[in-house]
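In: starting from these lines, generate the structure:
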Amino acid sequence: MSDALHDFVMTFVPLFIVIDAFGNLPFLLMAGEGLENRQKTKIVNYAILTATIVGLIFLFVGQWILGVLNIDVQEFAIAGGVVLLVLSIKYMMTGHMITVVKEELVAVVPIGTPLTVGPATIATLLLLAGKFPIWMVLVSFVVNMVITWVIFFLSQKIARFLGQGGITAISRVFSLILAAIAVSMIIGGLRALGIIAS
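Out: Just a heads-up that it's a prediction; the model follows:
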C-alpha cells in the first residue's frame with residue numbers, strides 16, 4: 001500500500017465512523033416529518049453545508065479558536081449536548097423540533113452540528129491534522145461529506161419505503177435516543193473536565 005493510500009485510509013475511516021451518516025438518518029427523517037420534499041431537500045443541503053463549513057473552520061483554525069475563546073473540546077461537547085437535549089425534549093412534547101417555516105434552523109442545529117460534525121468529529125479532525133498532512137485530512141473530510149450528502153439525499157427513498165407509520169414510530173424512538181446521546185455528551189464532557197468522577 002502506497003504512503004498516500006495508507007494516509008487516506010487512516011484519515012478517512014476515523015472520520016467516517018465519527019460522522020456516522022447512517023446513524024444520523026433517523027434524526028434527519030424525524031426533522032423532516034410533515035415537510036414537503038422541497039423542504040426536506042433544503043434541510044439536507046443546509047445540514048451538509050453547515051457541517052462542511054464547521055469542519056473546515058476547525059480543521060484549519062480550530063486550535064486557535066478554542067485557545068482564543070479559552071474553550072476545551074469537552075466544554076464544546078457539553079454545550080452541544082444541552083442543545084440536543086432541549087430539542088429532543090421539545091420533539092417528544094410537541095412532535096416537532098421546529099415550526100415548518102424554519103426548516104433551515106433544524107438543518108443547522110442539530111443535524112449539521114453537533115450530530116454530523118460535532119465534538120467527536122472536531123476532536124478527530126484536530127488529532128488527524130497533527131499526525132497527517134493537512135491536505136490529506138482535507139481530502140478525507142471532503143470525501144466523507146460527499147458520501148454523507150448522498151446518504152442524506154437518499155433518506156427520502158428510505159422514508160417512502162418505511163411509510164408514514166414507520167417513520168413516526170422510528171422518530172419517537174430516536175427522539176429518546178437523541179436525548180440519551182445528549183446526556184452522554186454532557187456527562188462525557190463533565191468527566192473529561194474532572195467535574196464528576198469517572
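In: can you give me the helices in the protein?
Out: 3-19, 21-31, 37-69, 73-94, 103-106, 119-131, 134-153, 155-192 (DSSP state H).
In: would you format those as a markdown table with mean neighbour count and distance to Gly112 included?
Out: In short, each C-beta sits where N, CA and C put it, glycine included. Formatted as a markdown table, these follow (neighbours: other Cβ atoms under 10 Å; distance: least, Cβ to Cβ, whole Å):
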| stretch | mean neighbour count | distance to Gly112 |
| --- | --- | --- |
| helix 3-19 | 16 | 11 |
| helix 21-31 | 20 | 10 |
| helix 37-69 | 17 | 3 |
| helix 73-94 | 18 | 12 |
| helix 103-106 | 19 | 9 |
| helix 119-131 | 19 | 11 |
| helix 134-153 | 18 | 10 |
| helix 155-192 | 16 | 15 |
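In: nearest to Thr113, of those?
Out: Thr113 lies closest to helix 37-69 among those, at 4.9 Å (Cβ to Cβ).
In: and the closest one with helix 21-31, angle?
Out: 120 degrees (axes from the mean of the first three to the mean of the last three Cα atoms, to 10 degrees).
In: which strands or helices does helix 37-69 pack on?
Out: For helix 37-69, the helices and strands in contact under the criterion 3 or more Cβ pairs under 8 Å, 6 or more residues apart in numbering; DSSP states H and E are helix 21-31, helix 103-106, helix 119-131, helix 134-153, helix 155-192.
In: show the average pLDDT along it.
Out: For helix 37-69, the mean pLDDT works out to 89.
In: picking up where we left off before, mean pLDDT for the helices and strands packed on helix 37-69: which is lowest?
Out: helix 103-106 (a mean of 65).
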